[in-house]
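Visitor: requesting a structural model of the entry that follows:
(chains A and B)
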Amino acid sequence: MGTITTNDLRNGTKIMLDGEPCTVVDNQFVRPGKGQAFSKTKVLYLLTGRTVEKTFKSGESIETADVIDTDMDYIYNDGEFWYFMDPNTFEQVSADSNAVGDAQYYLIEQDKCQVTLWDGRPIDVSPPNFVVLEVTDTDPGLRGDTSSGGSKPATMHTGAVVKVPLFVNIGDKLKIDTRTGEYVSRA
Amino acid sequence: MSDWKPTASIETLKTRAELLVQIRQFFAERDILEVETPLLSHHGVTDRYMKSFQVDGFAGGVGFLQTSPEYAMKRLLAAGSGSIFQICKSFRQDELGQRHNPEFTMLEWYCEGFDHHQLMEQVFELLEALAQTQGFSVALNKRNYTEVFTHYLNINPLSISDSELVELAGNLLGDLPSELERDDYLVLLFEDRIEPLLGQNGDIDCIYDYPASQAALARLNPDNPEVACRFEVYWQGVELANGFYELSDAAEQRRRFEADNQWRVSQGLPRMTIDQHLIAALERGLPDCSGVALGVDRLLMILLQANTLQDVIAFSADRA
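Guide: Here you go, the predicted model:
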């Protein structure tokens, strides 16, 4: 594990704070008044997802975190863990529900995902921006006036619940934006 | 590879050139003499938090790039120059950010016989003249440091207890470094909670009467020694200038330098040689005067409504 000083901080730098890996999302050098200089930062704690304003004395040394984003293939879920494989090394890692979070509703076997590894351990998973999911449940009785743009909830085969237009039926395949969880179109 | 290109547009550099002409004209109209002093000298600064760049091979030894032209200009004043101004480069190690570049352009001037209130008014006259050329109209708003804290944070910065101050800073500023001093909390609160609100809606805010503990090179207010005759100028949330009713007591100046050096040694920093030329000049007698340093790059940034210093400097540090 290396150390850096505040002079090396950039947006995206990964550092250790309170034993937790963090990413710097904002960093500002200030030297207010005639006193000492500071680095005013905003950091995102990668395990808990909270964002905190943190001020360092300029020149202070900070421990870096071994955090990398890597492209991996999602392979399967055994009910407890989600398994991903590095397509180059064929190495597999298992991610728990904390790491996978809401991404679990968009994971489709063989899809390429971005997995964030801390010391080789998955701590975050980002699915592709768009996925195609199949509707397993929605109220077929609701037809109504489609021109008014009405919507209804639909449950997808991955468990995701998405607001869909009234014309959608069970068995339809839909394109979903995983960043917003919104319906895009029929696939 | 486009790194060879300037970070400022050619249009911006033309405005920069015009700005320098207007500044010189302003001082010429007031019979204030333009001077040039060495960028490289035998002495650095003892300042606790400013680092001078050190240069080898200077007149048989080590030299230092100036962090400001203050000492040399005070020697000129002591030698009878009368009121003077200078536009020059200053250098500070490790200062890099949206509003900082390790090498920057400073306008510094001293007016004999002026107190800090008269100088604030002159700073405003200059800014008003420059603002007009870019189509801004501005008004001077002089505000007492204590009153500003009361207005924005509802505290008295001089009388608030240490524990209340630490608690307030903790609540408003998030996670702070340990081992901060009282003034650190005040400057951080000021920087985060007050500065962005200053100099808005056409006002140029001049904040004066800083706590004596933040006096730097200002004399203390004879009517209220809790505060120093120091001011800062803010426009559109940006600190543009810092001025003093200058300390002229050589013994007090030497005492402050030595205290700085003691502190530096206690922190494992190198002891800096005290500039004996400055002390000798002060002993000879600095005329009664006020002085101010203004960041030219920051001023241009505001006049052109640019976001960062890089936008107004031909080649910022990463491309220099």
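
Visitor: can you check the pLDDT for residue 32?
Guide: Went with chain A since none was named. A:Pro32 carries a pLDDT value of 86.

Visitor: please refer instead to chain B.
Guide: Confidence for B:Ile32, expressed as pLDDT, is 98.

Visitor: for A:Asp145, same thing?
Guide: pLDDT for A:Asp145: 54.

Visitor: stretch A:66-73: how far from the chain's middle?
Guide: Between the centre of stretch A:66-73 and the centre of its chain there are 12 Å (C-alpha atoms, centre = their mean, to the nearest Å).

Visitor: now that stretch - C-alpha only, CSV.
Guide: Provided in CSV are the C-alpha atoms of stretch A:66-73 (Å, rounded to 0.1, in the frame of the first residue of the first chain):
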residue,chain,number,x,y,z
ASP,A,66,-5.7,-0.6,-4.1
VAL,A,67,-9.0,-0.1,-6.0
ILE,A,68,-9.4,-0.9,-9.7
ASP,A,69,-12.3,-1.0,-12.1
THR,A,70,-12.2,-4.1,-14.3
ASP,A,71,-14.4,-5.5,-17.1
MET,A,72,-15.7,-9.0,-16.2
ASP,A,73,-18.3,-11.4,-17.5
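
Visitor: now the helices: where do they sit in chain B?
Guide: In chain B, the helices defined using DSSP state H lie at B:10-29, B:70-78, B:116-133, B:145-153, B:162-173, B:182-189, B:250-266, B:276-285, B:296-303.

Visitor: chain A too?
Guide: Applying DSSP H to chain A gives helices spanning A:97-100.

Visitor: now B:Lys142, nearest residue through space, not along the chain?
Guide: B:Cys206 (4.9 Å; C-beta to C-beta, 6 or more residues apart in numbering or on different chains). Where C-beta positions appear, they are placed from N, C-alpha and C, glycine not excepted.

Visitor: just to revisit the earlier point, just put the helices of chain B in CSV and tack on mean pLDDT, distance to A:Asp86 and mean neighbour count.
Guide: Converted to CSV, the helices of chain B look like this (pLDDT from 0 to 100; distance: least, C-beta to C-beta, whole Å; neighbours: other C-beta atoms under 10 Å in any protein chain shown):
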stretch, mean pLDDT, distance to A:Asp86, mean neighbour count
helix B:10-29, 98, 48, 14
helix B:70-78, 97, 59, 21
helix B:116-133, 97, 59, 18
helix B:145-153, 98, 53, 17
helix B:162-173, 96, 42, 13
helix B:182-189, 95, 45, 21
helix B:250-266, 91, 51, 14
helix B:276-285, 94, 64, 16
helix B:296-303, 97, 47, 22
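
Visitor: quick one: which of those is nearest B:Ile84?
Guide: helix B:70-78 (5.9 Å; C-beta to C-beta).

Visitor: so which elements touch that closest one?
Guide: Packing contacts for helix B:70-78, counted by 3 or more C-beta pairs under 8 Å, 6 or more residues apart in numbering or on different chains; DSSP states H and E, involve strand B:84-91, strand B:103-112, helix B:276-285, strand B:289-295.

Visitor: from these, which stretch is densest packed?
Guide: strand B:289-295 (a mean of 24; mean count of other C-beta atoms under 10 Å in any protein chain shown).

Visitor: now the angle between strand B:84-91 and it, please.
Guide: Relative orientation of strand B:289-295 versus strand B:84-91 (axes from the mean of the first three to the mean of the last three C-alpha atoms, to 10 degrees): 40 degrees.

Visitor: okay, now the sheet partners of strand B:289-295, with direction.
Guide: Its sheet considered, strand B:289-295 pairs with strand B:103-112 (antiparallel), strand B:238-245 (antiparallel) by DSSP bridges.

Visitor: buried residues, the last one. List them.
Guide: Within strand B:238-245, the residues scored as buried using 16 or more other C-beta atoms under 10 Å in any protein chain shown are B:238-245.

Visitor: and it, average pLDDT?
Guide: The average pLDDT for strand B:238-245 rounds to 96.

Visitor: contacting residues around that strand?
Guide: Contacting residues not belonging to strand B:238-245 are listed as A:32, A:34, B:99, B:115-116, B:119-120, B:123, B:127, B:195, B:199, B:216-219, B:228-234, B:290-295, B:298-299, B:301-302 [C-beta atoms under 8 Å, 6 or more residues apart in numbering or on different chains].

Visitor: report the contact partners of the closest residue in space to A:Thr116 that isn't next to it in sequence.
Guide: When the adjacent residues along the chain are set aside, A:Thr116 lies closest to A:Asp124, with 3.9 Å between them (C-beta to C-beta, 6+ apart). Contact analysis of A:Asp124 by C-beta under 8 Å, 6+ apart lists A:46, A:99, A:101, A:115-116.

Visitor: same question, B:Arg48
Guide: A:36, B:260, B:263-264, B:267.

Visitor: recalculate using a threshold of 6 Å.
Guide: With contact set as C-beta atoms under 6 Å, 6 or more residues apart in numbering or on different chains, B:Arg48 has these partners: B:260, B:263.

Visitor: one step back: so can I have TSV of the buried residues of strand B:238-245 showing distance to B:Leu65?
Guide: Shown next, in TSV, are the buried residues of strand B:238-245 (distance: C-beta to C-beta, whole Å):
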residue	distance to B:Leu65
B:Val238	25
B:Glu239	22
B:Leu240	23
B:Ala241	21
B:Asn242	20
B:Gly243	23
B:Phe244	22
B:Tyr245	28
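
Visitor: out of those, which comes closest to B:Asn171?
Guide: B:Glu239 (24.1 Å).

Visitor: is stretch B:259-271 anywhere near chain A?
Guide: No - judged by C-beta under 6 Å from any C-beta of the partner chain, stretch B:259-271 and chain A are separated, with a smallest distance of 10.6 Å.

Visitor: re the thing from before, export the helices of chain B to a markdown table and tack on distance to A:Phe130?
Guide: Listed next are these as a markdown table, based on distance: least, C-beta to C-beta, whole Å:
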| stretch | distance to A:Phe130 |
| --- | --- |
| helix B:10-29 | 42 |
| helix B:70-78 | 61 |
| helix B:116-133 | 51 |
| helix B:145-153 | 47 |
| helix B:162-173 | 41 |
| helix B:182-189 | 44 |
| helix B:250-266 | 59 |
| helix B:276-285 | 68 |
| helix B:296-303 | 41 |
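
Visitor: which residues does residue 159 contact?
Guide: I went with chain A, as the question did not name one. Contacts of A:Gly159 (C-beta under 6 Å, 6+ apart): A:Tyr105.

Visitor: you answered for a different chain; I wanted chain B.
Guide: No contacts exist for B:Ser159 under C-beta under 6 Å, 6+ apart.
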